[in-house]
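Asker: predicted model and sequence follow; I will ask about them next.
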Amino acid sequence: MKQKIKDFALVTIGAFISAVAFNSMFVENHIASGGVGGLAISMNALFGWNTANFVLYANIPLLLLCFFCLGKEVFIKTVYGAWIYPIFIKLTAGLPTLTHNTLLAAIFGGAVLGFGLGLVFIGHSSTGGTGIIVQLFEKYTPIPLGTSMAFVDGIVVGLGFIAFDADTVMYSIIALLSITYVVNLVMAGADSSRNIMIISRHHAKIKEYITKVADRGVTELPMVGGFTGQENRMLMTTVSRLEYQKLETNILAIDETAFIVVMPATQVRGRGFSLQKMHPNLEKDILIPM
């Protein structure tokens with residue numbers, strides 16, 4: 001229940017931030033950076049259509065696709081995001097345009113909007129529109145979320161040539177790149193963990209600390225020193241980014257000469273990360289949870 005509340009809060013805050021960037025940076029500068037929002041800006045320039053209404057109505061067929069392909073739970077959260085985003089666009093429509101410098105609007109507007117979208121995606125939802133197509137790519141293909149978003153939104157940006165001149169479209173591409181970069185940054189930051197390799201003469205004490213105090217799984221790997229030819233044990237464990245500094249401090253307290261290799265792990269699945277940790281020992285596990 002707490003996770004659901006957290007998800008809906010992230011979607012709400014992210015949708016609001018995105019709507020603010022949309023109205024205060026993109027609309028008046030004609031930056032059609034992709035997605036249904038980008039199409040809305042193009043349609044507004046061509047036919048004078050209300051951007052919020054266009055985003056709302058264009059989501060209907062895509063929501064049906066979401067229901068049948070992504071499941072009921074994602075559909076429910078996506079319905080909320082697809083509803084609240086155009087509502088926030090309407091509520092923030094009166095905001096003044098922060099800059100009429102199109103380049104600045106593309107870069108900083110893209111960064112703010114990308115941050116908002118990143119929060120929405122962390123909440124396992126989207127603002128509807130082409131975000132649903134991006135989620136389909138994430139589910140059924142190995143393509144990274146940011147890359148699939150760039151591909152789908154790139155098509156929408158290309159359609160901007162119908163409504164705007166080449167300079168405006170190129171600014172829209174800059175905005176799209178800014179959005180994609182920040183979304184990837186936010187997503188990686190949310191899931192970022194550290195995979196740690198430890199070589200120490202006190203590996204038994206370090207293993208005991210990791211399993212019993214840090215409450216993380218650990219793997220022992222047999223190894224032979226390339227220079228000495230002596231057999232030893234290397235420990236491997238994975239911890240969250242926030243846990244790493246404390247873990248390193250305590251390892252060095254046990255053995256100040258410990259050799260530690262830290263590698264980024266941008267996505268970790270399993271107990272203690274994507275699944276709830278289970279403490280009973282399971283014989284068939286490779287990493288026994290402690």
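Answerer: Great, that's in hand.
Asker: before we move on, what SS does His100 have?
Answerer: coil (DSSP: H, G, I helix; E, B strand; the rest coil).
Asker: got a list of what it touches?
Answerer: Residues near His100 by CB atoms under 8 Å, 6 or more residues apart in numbering: 28-29. From N, CA and C alone the C-beta is placed, and that goes for glycine too.
Asker: got a list of what the closest residue in space to Phe259 that isn't next to it in sequence touches?
Answerer: Of all residues not flanking Phe259 in the chain, Ile199 sits nearest, at 4.2 Å (CB to CB, 6 or more residues apart in numbering). Going by CB under 8 Å, 6+ apart, Ile199 touches 223, 232, 234-235, 258-260.
Asker: quick one: which of those residues sit in strands?
Answerer: Among the contacts of Ile199, DSSP state E puts 223, 232, 234-235, 259-260 in strands.
Asker: can you tell me which of these has the most neighbours?
Answerer: Compared across the ones in strands among the contacts of Ile199, Leu235 has the highest neighbour count, 21 neighbours, by other CB atoms under 10 Å.
Asker: which residues does that residue bridge with?
Answerer: In this entry, Leu235 is beta-bridged to Ile198, Glu220, by DSSP bridges.
Asker: nearest to Leu46 among the ones in strands among the contacts of Ile199?
Answerer: Ile260 (58.7 Å; CB to CB).
Asker: how about residues contacting the worst-scoring helix or strand of the chain on mean pLDDT?
Answerer: Least confident helix or strand of the chain, by mean pLDDT, DSSP states H and E, is helix 145-159 with a mean of 79. For helix 145-159, the surrounding residues in contact (CB under 8 Å, 6+ apart) are 32-35, 38-39, 42, 121, 130-131, 133-134, 137-138, 141, 143, 169, 172-173, 176-177, 179-181, 183-184, 187.
Asker: with stretch 101-109 instead?
Answerer: 21-22, 24-26, 29-31, 33, 97-99, 167-168, 171-172, 174-175, 178.
Asker: so Arg194 lies in a helix, does it not?
Answerer: No: using three-state DSSP, the assignment for Arg194 is strand, not a helix.
Asker: for the closest residue to it other than its chain neighbours, what are its contacts?
Answerer: Nearest residue to Arg194, sequence neighbours excluded (CB to CB, 6+ apart): Tyr244, at 4.5 Å. By CB under 8 Å, 6+ apart, Tyr244 lies in contact with 194, 196, 262.
Asker: neighbours of the residue nearest to Trp49 when sequence neighbours are not counted, how many?
Answerer: Nearest residue to Trp49 in three dimensions, chain neighbours excluded: Met43, at 4.5 Å (CB to CB, 6+ apart). Close neighbours of Met43, defined as other CB under 10 Å, add up to 19.
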